[in-house]
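Participant: pasting a predicted model and its sequence here:
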Amino acid sequence: MEIKYIIYFLIGGTMVSLITYLAGSAKGLLAAFLANLPVITLITFLTIYANAGEKVAVDYAKNLLIMVIPWFAYIFSVIFLAQRIGFIPSLALGLVSYFMLSYLIIAIKK
C-alpha cells in the first residue's frame with residue numbers, strides 16, 4: 001500500500017473526529033460548516049488531478065454535482081422523519097433513499 005493512501009485516511013479521519021467533537025459540544029453550526037467545507041473535495045480534486053489529470057478531475061466534479069440529488073434526499077429524510085419515526089429509522093430510510101436514487105442516476109447515466 002502506498003503511503004499517500006494512509007495520509008488520505010488520516011486527513012479524513014481527523015476531519016470526522018473534529019466535526020463529531022464540535023457537534024457533541026453543542027457547536028452544531030460550526031460542525032456543519034466544517035463538514036461542508038470543500039476541504040475534502042479540494043483534497044480529492046488535487047489527488048485525482050495529480051494521479052489522472054485534468055479531464056478525469058473535471059469529470060469527477062460533474063458527477064459529484066449530479067450525486068448531490070441523492071444526498072439531499074438523505075438529509076431531508078433525516079430532517080423531516082426524525083421527529084416522526086425516530087432518528088435511527090430516519091437515518092436508515094435516508095440511506096435507502098440515497099442508494100435508490102444513486103442507483104437510478106447511475107443506471108440512467110450509463
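Facilitator: In hand now; what should we look at?
Participant: identify the residue nearest the spatially most central residue of the chain in space, chain neighbours excluded?
Facilitator: Nearest to the mean C-alpha position of the chain, counting by Cα atoms, centre = their mean, stands Trp71 at 7.6 Å. Nearest non-adjacent residue to Trp71, counting by Cβ to Cβ, 6 or more residues apart in numbering: Tyr98, 6.7 Å away. Heads up, the C-betas are built off the backbone N, CA and C, glycines and all.
Participant: which phi and psi does that neighbour have?
Facilitator: Backbone torsions for Tyr98, taken as degrees, to the nearest 10, come to phi -60, psi -50.
Participant: hey, where'd the strands end up in the chain?
Facilitator: Counting by DSSP state E, the chain has no strands at all.
Participant: tell me where it has helices.
Facilitator: Using DSSP state H, the helices of the chain run over residues 3-24, 28-36, 39-52, 54-66, 68-85, 87-109.
Participant: for the fifth one, buried residues please.
Facilitator: It refers to helix 68-85. 70, 73-74, 77, 81 (16 or more other Cβ atoms under 10 Å).
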